[in-house]
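> Fold the stuff below for me.
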Amino acid sequence: LFRSLDTIERDAGAILGRAVRLPSVRGRSVTWLRLVRLRAPGASGAQVLLRIGPRMAADFASIFILRDEDRFTVFDAFGRPLPMPEGEVFSVAVHGDLPDSVIHLFRVGAYVYGVESSDRAVADELVAELQSIEASSEPDEPAR
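Numbering: from 1, shown residues only. Below is the predicted model of the structure:
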């Protein structure tokens, strides 16, 4: 069930057809749990499940990387649908038992990233690292 970061990155790259680098979540204990291939109407890609912190007090998170097929839509101030713009992070609170749960979504080139976490600070950190990784990567690097 537990996998190494290198294995998850390699397998996610095979699913997406491009090199994938995931955040290191500096200074935190990370357990990479699982990689799932996603296929849904209008979206396909990969989801990575991880646990951050010690087992008894862990925060759980998911990272989604989806091919942007022009189906991710946001709405302007007048309610008109627009393609998701690049460089902007959209956040949605997740209602439930954990009041700090959130989903952040953003687009980089041909991919939409989603980060879900039970801790907003963890989600913010994951998004910042993913954006930094993407900013330093070559566009459409082939899978390793």
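> in its sheet, what does the lowest-mean-pLDDT helix or strand in the chain sit against?
Of all the helices and strands that make up the chain, the one with the lowest confidence by mean pLDDT, DSSP states H and E is strand 73-75; it has a mean of 83. On the basis of DSSP bridges, the sheet neighbours of strand 73-75 come out as strand 81-83 (antiparallel).
> Identify the residues contacting the strand it pairs with?
By Cβ atoms under 8 Å, 6 or more residues apart in numbering, the list of residues contacting strand 81-83 from outside reads 70, 72, 73, 74, 75, 76. C-betas here are computed from N, CA, C, even on glycine.
> again, only this time at 7 Å
Counting by Cβ atoms under 7 Å, 6 or more residues apart in numbering, strand 81-83 makes contact with 70, 73, 74, 75, 76, all of which sit outside it.
> for that strand, the distance to its chain's centre please.
On the basis of Cα atoms, centre = their mean, to the nearest Å, the separation between the geometric centre of strand 81-83 and that of its chain is 21 Å.
> With stretch 48-60 instead?
The mean C-alpha position of stretch 48-60 is separated from the chain mean by 16 Å, Cα atoms, centre = their mean.
> Buried ones in that stretch, by neighbour count?
Burial within stretch 48-60, assessed by neighbour count using 16 or more other Cβ atoms under 10 Å, is assigned to 48, 49, 50, 51, 52, 53, 58, 59, 60.
> Output those residues in TSV; the columns should cover pLDDT.
Written out in TSV, the entries for the buried residues of stretch 48-60 read as follows (pLDDT from 0 to 100):
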residue	pLDDT
48	95
49	94
50	92
51	89
52	87
53	81
58	71
59	82
60	86
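> which of those residues sit farthest apart?
Considering Cβ to Cβ, no two members of those lie farther apart than 48 and 53, which are separated by 16.6 Å.
> thinking in terms of the whole chain, how far from its middle is the longest helix seen in the chain?
Looking across the chain with DSSP state H, the single longest helix is helix 120-136. Between the mean C-alpha point of helix 120-136 and the mean C-alpha point of its chain there is a distance of 9 Å (Cα atoms, centre = their mean).
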